[in-house]
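*Asks:* generate a structure from the sequence data that follows.
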Amino acid sequence: MFPRAEEALDPEWALCVDEGSRLAYGHAVEHEKGEIMYLGIYEIDGDPDELLLAYDRLMAGMPEDQVDFHACAVRENGITIYDACPTKEAFERFSTSAEFRGAAEAAELPWPSRIEGLPLHAVRARDGVTAT
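*Replies:* As a prediction, the model looks like this:
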């Protein structure tokens, strides 16, 4: 479901999860599930080269079909991971879970120095676009 041109700039439109748990651009109030996707932002400090190796180990263990939106950016003093969750509650559960902490430790990825969650307004990418 995409907004009409006159609705596309309306701040009431938000990125939501459709019935098939896929990304869909829709109106949060009228959406079937009524949930706005949430973006987890994880800042991890350290040597970027070492962190990227650990990040790659972490991601190798993640099933691709469970990833709606995910990006890793390199900073001068670390990396920042952006990971979308279907809801704020899902973000809060995942970001504080023993499973996530255990997976990070197993990959030798340090625990983030900062974790923040924000509601997503929009995500744009061409279908099938990936970068590794």
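
*Asks:* switch to C-alpha atoms for all contacts and neighbour counts from now on
*Replies:* Noted.

*Asks:* how about the helices in the chain?
*Replies:* Under the criterion DSSP state H, the chain contains helices at 48-60, 88-95, 98-106.

*Asks:* now do the same contact list for Phe100.
*Replies:* Phe94 (CA atoms under 8 Å, 6 or more residues apart in numbering).

*Asks:* switch to numbering from 510
*Replies:* With the count now opening at 510, the last piece we talked about shows up as Phe609.

*Asks:* center of the chain, which residue is that?
*Replies:* In the chain, the centroid-proximal residue (CA atoms, centre = their mean) is Asp592; its distance is 1.7 Å.

*Asks:* dump the residue contacts of the residue lying closest to that one once chain neighbours are set aside.
*Replies:* Once flanking residues are discounted, Asp592 sits nearest to His579: 4.5 Å by CA to CA, 6 or more residues apart in numbering. With contacts defined as CA under 8 Å, 6+ apart, His579 is in contact with 590-593.
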